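Q: Next come a sequence and a model predicted from it.
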Number of protein chains: 2
Amino acid sequence: MGLIVQKFGGTSVADIDCIRNVAKRVANTYDQKNNVVVILSAMAGTTDNLIEMANKVTPAPNKRELDVLLATGEQTTAALLSIMLQSMKYPALSMLGYQAEVVTDHTFGNARILEIGANRIKDMIKKRKIVVVAGFQGCDTQGNITTLGRGGSDTSAVAIAAAIKADICEIYTDVDGIYTADPNICKKARKIKEISYDEMLNMASLGAKVLQIRSVGFAKKYRIPLHVRSSFNEEEGTMVVDEDSGMEQLVVSAVTHNKDEARITLKKVPDQPGVAAKIFTPISESGILVDMIIQNTRAGGQTDLTFTVPKADFVKALEVEKKVAGEIGAQDVFGDKNIAKVSVIGVGMKNHSGVASIMFHTLAKENINIIMISTSEIRISCIIEEKYTELAVRVLHTAFGLDKD
Amino acid sequence: MGLIVQKFGGTSVADIDCIRNVAKRVANTYDQKNNVVVILSAMAGTTDNLIEMANKVTPAPNKRELDVLLATGEQTTAALLSIMLQSMKYPALSMLGYQAEVVTDHTFGNARILEIGANRIKDMIKKRKIVVVAGFQGCDTQGNITTLGRGGSDTSAVAIAAAIKADICEIYTDVDGIYTADPNICKKARKIKEISYDEMLNMASLGAKVLQIRSVGFAKKYRIPLHVRSSFNEEEGTMVVDEDSGMEQLVVSAVTHNKDEARITLKKVPDQPGVAAKIFTPISESGILVDMIIQNTRAGGQTDLTFTVPKADFVKALEVEKKVAGEIGAQDVFGDKNIAKVSVIGVGMKNHSGVASIMFHTLAKENINIIMISTSEIRISCIIEEKYTELAVRVLHTAFGLDKD
């Protein structure tokens, strides 16, 4: 007996057979006397196809209208699942973003949820209906259709779970949980049984593949337990919960890696106030996201400054900075695409010293040079040469006691 | 300078190139200082594909949810045309049924329009925006998505034209107007320049191919002039207008034919009160539409009764009536699928006698036997043997002076 939100991703509703499987799972949950609200993505590939169609018209489609177009994807799956459940004699009905009162700001293509009325959802739950909500979409205060950006259905699910005070939000996807490392490069990786919201938030590279990071922030804020699991089997997945919930607090819970960044260095930058702003303003105006930034003080009023950007933006960022270097009188600008970021993450880190020392020692033992370091309260990240990525992940996984038996 | 509603059918928005042509036409109308509201159908074939998809789930999809699914078709074209117009620097925006305040009853799949707020459309027109409305869809008073049935976009267009008091409603389609007869069987058929609402309403078979008959009733009620024309050329099409508008009132404006009906006869029916109800109630309960009914009084308290039904329902109707015949004591039931209906239509008929006489004479001269006759104020229809259809249309077309030079 509970109120359960179940979110199914694009691969889980890829065709009629997949939708039938989803219907069976929803029906089964309902039969166990639970109330169920389902949130759906579009069929795998649909959103990309729709974007391609719009791009045939123009390379820069109007954003309001693109959202109207993209919203058809989730409308289709929501209708089809409702038809399926009805044909199985379950009292299902679909709701689109505006019907579920998912009110957002006006940022078409990447809207933020302002509030969720969910009055109609609550009414329907009282009548023991199964409500199937089209994910990824909302409407602004003027009634325009908006979409929530890539992976937005996760955010829809968590936000609706919060609005209706659901007991749990289950995220069904094509992987069966969160792992201590990428199983493709670390054979000894284990599925994590429980992980905290904060750890999940710090696991961008491992986590983002299965869960939109924005939705985790939502879940944390409203304390909605998430259960990340596979829609293709019955196995328990990974619970994402509050760290005070009595979960075991490992010093390090996971080792992640990311090969999608490149490094740019400005050499002998004059060490004056305002220089950093001159370096990063044009980058941000070009829409390039900077991840890590490191600056070392050097003798003679000059400093070296290094930062990382997505590999896809490397050429553009280098171009921008060459212009900047001329203006501010830096000696040289160069970059490197052959780097990777390796991180260790764990809430236990807060209470244990020595994690950094173990990490640096472990890498040194393998002759892996550390190019940059950055840390958060529960994460330490090192930039290394790309070719050492797999080796680094494996030795760190072993060093922090994460290997399975 | 005017307020023009332009409706484009499925073949006019069948792909990106077609949508580009539509955009050019809309832009051209706008450039001539007109305000333009566009109503779109789904791409040709889309609605059928969506129905097929739903039927893969179940042969009888839930009607509310089917409407949610079908509504994506017009949502897609409305978004794409708006994107196209925006890319051409025209201030276009799309509106879905609920955004355009197309309020309907709750009959999912075949909803009737109750009222159209159109406040937002009017606001946008004042701002010189081009409003692109998804046709075929509305919403009921509870906010559920509804659709208006086959050809419903025509009704959307005329109803919106009425709500915003448009000067004209242009119906763009894949034919270039209404003809005096089907040009495929009557080479001398001419395009009609002007026709009255009532004539159009009586031209089901010729007219329905280009215009949903329900929309003509709407146009008549609110006196919206319709212009039926091709989206593939610039030629003037056919104006559908009020008969008092000064149009030339021909005695006969067109000759139409219909091969889609079959005849059923009940022989020696006891001529008692209540018998007709016993004959037609089970037919209507089977969802079969009866067109013509004829009953002749016969000696001895018995009568023969004949009626026509769509050919597709012939077997079912015959079955139903065989049961009825037993119950009411009729002597026999038999039917005939090889019949056709030929009609002459014209508002001038009201003031001229002798039309029936010319029609019967013309058919008799060719030895065409008349099986049944029915009339309206401005139409005379004869049921004949199917094999004479083309001949009958041609000789009537000549007899009433409709042949082109």
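A: All right, it came through fine.
Q: Helix, strand, or coil at the residue lying closest to residue A:320 once chain neighbours are set aside?
A: Closest residue to residue A:320 apart from its sequence neighbours, by C-beta to C-beta, 6 or more residues apart in numbering or on different chains: residue A:282 at 5.0 Å. Using the backbone N, CA and C atoms, a C-beta is placed for each residue, glycine as well. Three-state assignment for residue A:282 (DSSP: H, G, I helix; E, B strand; the rest coil): helix.
Q: Residue A:282 touches residue A:323, doesn't it?
A: Yes - in terms of C-beta atoms under 8 Å, residue A:282 counts as a neighbour of residue A:323; the distance is 7.4 Å.
Q: picking that back up, tell me who's in contact with the residue nearest to residue A:320.
A: Neighbouring residues of residue A:282 by C-beta atoms under 8 Å, 6 or more residues apart in numbering or on different chains: A:320, A:323-324.
Q: Check it and give its pLDDT.
A: At residue A:282, the pLDDT value in this model is 91.
Q: any idea how far it lies from residue A:325?
A: Taking C-beta to C-beta, to the nearest Å as the measure, residue A:282 and residue A:325 are separated by 11 Å.
Q: Could you do residue A:48 as well?
A: Residue A:48 sits 38 Å away from residue A:325 when distances are taken as C-beta to C-beta.
Q: Looking at those two, which is more packed in?
A: When residue A:48 and residue A:325 are compared for neighbours, residue A:325 comes out ahead with 18 against 12, by other C-beta atoms under 10 Å in any protein chain shown.
Q: So which bits of whichever strand or helix holds the more buried one are buried?
A: Counting by DSSP states H and E, the element that carries residue A:325 is helix A:314-328. Neighbour-count burial for helix A:314-328, with 16 or more other C-beta atoms under 10 Å in any protein chain shown as criterion, is recorded at A:314, A:317-318, A:320-321, A:324-325, A:328.
Q: so residue A:151 makes contact with residue A:216?
A: No - the pair formed by residue A:151 and residue A:216 falls short of the contact definition of C-beta under 8 Å, at 10.8 Å.
Q: Neighbour count: these two, which is higher?
A: Legend: neighbour count by other C-beta under 10 Å for residue A:151 and residue A:216, higher for residue A:216 (27 against 20).
Q: OK, contacts around residue A:344?
A: Applying C-beta under 8 Å, 6+ apart to residue A:344 gives the contacts A:252, A:254-255, A:355, A:359, A:379-380, A:396, A:400.
Q: Got the confidence number for residue A:298?
A: For residue A:298, the model assigns a pLDDT of 68.
Q: who touches residue A:396 in this structure?
A: Neighbours of residue A:396 in contact, by C-beta under 8 Å, 6+ apart: A:255, A:342, A:344, A:359, A:362-363.
Q: For the stretch 151-300 of chain A, just list every one of the strands.
A: In order along the chain, the stretch 151-300 of chain A carries the following strands (DSSP state E, counting those that start in this stretch): A:168-173, A:194-196, A:226-230, A:238-241, A:254-258, A:261-270, A:293-297.
Q: Check which helices and strands the last one sits against.
A: Counting contacts by 3 or more C-beta pairs under 8 Å, 6 or more residues apart in numbering or on different chains; DSSP states H and E, strand A:293-297 is packed against strand A:302-310, strand A:370-376.
Q: For residue A:342, what are phi and psi?
A: The main-chain torsion angles of residue A:342 are listed as degrees, to the nearest 10 and equal phi -120, psi 130.
Q: I'd guessed it sits against residue A:256; true?
A: Yes - if you go by C-beta under 8 Å, residue A:342 and residue A:256 touch, sitting 7.4 Å apart.
Q: So those two - more neighbours on which side?
A: Under the neighbour definition other C-beta under 10 Å, residue A:342 and residue A:256 were set side by side, and residue A:342 has more, 28 against 23.
Q: how far away is that one from residue A:391?
A: Spatial separation of residue A:342 from residue A:391 under the definition C-beta to C-beta is 10 Å.
Q: Same check on residue A:59?
A: 42 Å.
Q: what about these two, which has more around it?
A: Between residue A:59 and residue A:391, counted using other C-beta under 10 Å, the more crowded position is residue A:391 (16 against 8).
Q: quick one, phi/psi of the more buried one?
A: Listed backbone geometry of residue A:391 is phi -60, psi -50, with angles given as degrees, to the nearest 10.
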